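S.K.: here you go, sequence then predicted model.
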Amino acid sequence: DSGVTQTPKHLITATGQRVTLRCSPRSGDLSVYWYQQSLDQGLQFLIQYYNGEERAKGNILERFSAQQFPDLHSELNLSSLELGDSALYFCASSPGTSGTREQYFGPGTRLTVT
Amino acid sequence: GNSVTQMEGPVTLSEEAFLTINCTYTATGYPSLFWYVQYPGEGLQLLLKATKADDKGSNKGFEATYRKETTSFHLEKGSVQVSDSAVYFCALSPNSGGSNYKLTFGKGTLLTVNP
């Protein structure tokens, strides 16, 4: 158990809909990262938050957004869903301090868009 | 930009065989290097890490040495078990200032160990 929790575990929704994925980092970790895992693209970095502020963006679509709340949990919002958004979405956390770079991953949310 | 290339497999071995999964990287400076493992239906678990040249990361019988001269971080295990069957990912984290340590992953290598 990494200490990172994600809900829900599975999500099935229709094209055009909007969903919210939730992540709680390990106790004390300030950084939250979101990754998308798909068969064709592999593991892709989406976005990072550090202590409530957006710190880095990767291959994140404009239809996707995220935020980190004062209690450090994070939410990833996916809107106008398309079939190609079906994937595993992972959240990871790290202390975010210099010299401590390993990230601890949650169990993931499997999104299926029909 | 940063990139990681690893042998894609799949790799199929018999129990107690020797394992090598090759990983090479492209990055500026001295990134940190990692191996993560993903068991079926689960998230990624950190297997081992190395943060500077010539460091050797090790865990659960797995080892990898950070080779700056060949930009490599090959994963090895002397005697694999059926329970090692999983997907293995090589990854790097850039040596940037601040707190942006996003991971760049290889495509993953599926390992199957038969009894």
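M.R.: Okay, I see it. On a predicted model such as this, the values are computed, not experimentally measured, just so you know.
S.K.: pull out the buried positions in stretch A:9-17.
M.R.: A:11, A:13 (16 or more other Cβ atoms under 10 Å in any protein chain shown). For every residue, glycine as well, the C-beta is placed using N, CA and C.
S.K.: return the residues of chain A in contact with chain B.
M.R.: A:2, A:4, A:30-31, A:33, A:35, A:42-43, A:45, A:48, A:50, A:55-56, A:58, A:90, A:92, A:94, A:96-99, A:101-108 (Cβ under 8 Å from any Cβ of the partner chain).
S.K.: list the contacts of residue 71.
M.R.: All of this is about chain A. Going by Cβ atoms under 8 Å, 6 or more residues apart in numbering or on different chains, residue A:71 touches no other residue.
S.K.: you looked at the wrong chain, it should be chain B
M.R.: Residue B:71 is in contact with B:24, B:25, B:26, B:27, counting by Cβ under 8 Å, 6+ apart.
S.K.: what about burial for the residues of chain A next to chain B, which qualify?
M.R.: A:2, A:4, A:30-31, A:33, A:35, A:43, A:45, A:48, A:50, A:55-56, A:90, A:92, A:94, A:96, A:101-108.
S.K.: out of these, which sit inside strands?
M.R.: Applying DSSP state E to those, the entries found in strands are A:31, A:33, A:35, A:43, A:45, A:48, A:50, A:55-56, A:90, A:92, A:94, A:104-105.
S.K.: just flag the most distant two among the residues you listed.
M.R.: Farthest pair in these (Cβ to Cβ) is A:43 and A:50. Separation: 20.3 Å.
S.K.: pick out the residue nearest the middle of chain A.
M.R.: residue A:34 (3.1 Å; Cα atoms, centre = their mean).
S.K.: what separation do you get for it and chain B?
M.R.: Distance, residue A:34 to chain B, by Cβ to the nearest Cβ, to the nearest Å: 10 Å.
S.K.: quick check: that residue touching residue A:91?
M.R.: Yes. Between residue A:34 and residue A:91 there is a contact under Cβ atoms under 8 Å: 5.8 Å.
S.K.: so what sits against both of those two?
M.R.: Residues touching both residue A:34 and residue A:91 (Cβ under 8 Å, 6+ apart): A:23, A:74, A:76.
S.K.: closest to chain B among those residues?
M.R.: Within the shared contacts of residue A:34 and residue A:91, the smallest distance to chain B is 11.4 Å, found for residue A:23 (Cβ to the nearest Cβ).
S.K.: which parts of chain B sit against chain A?
M.R.: Near chain A, when you scan chain B using Cβ under 8 Å from any Cβ, you find B:32, B:34, B:36, B:42-46, B:49, B:51, B:89, B:93, B:98-108.
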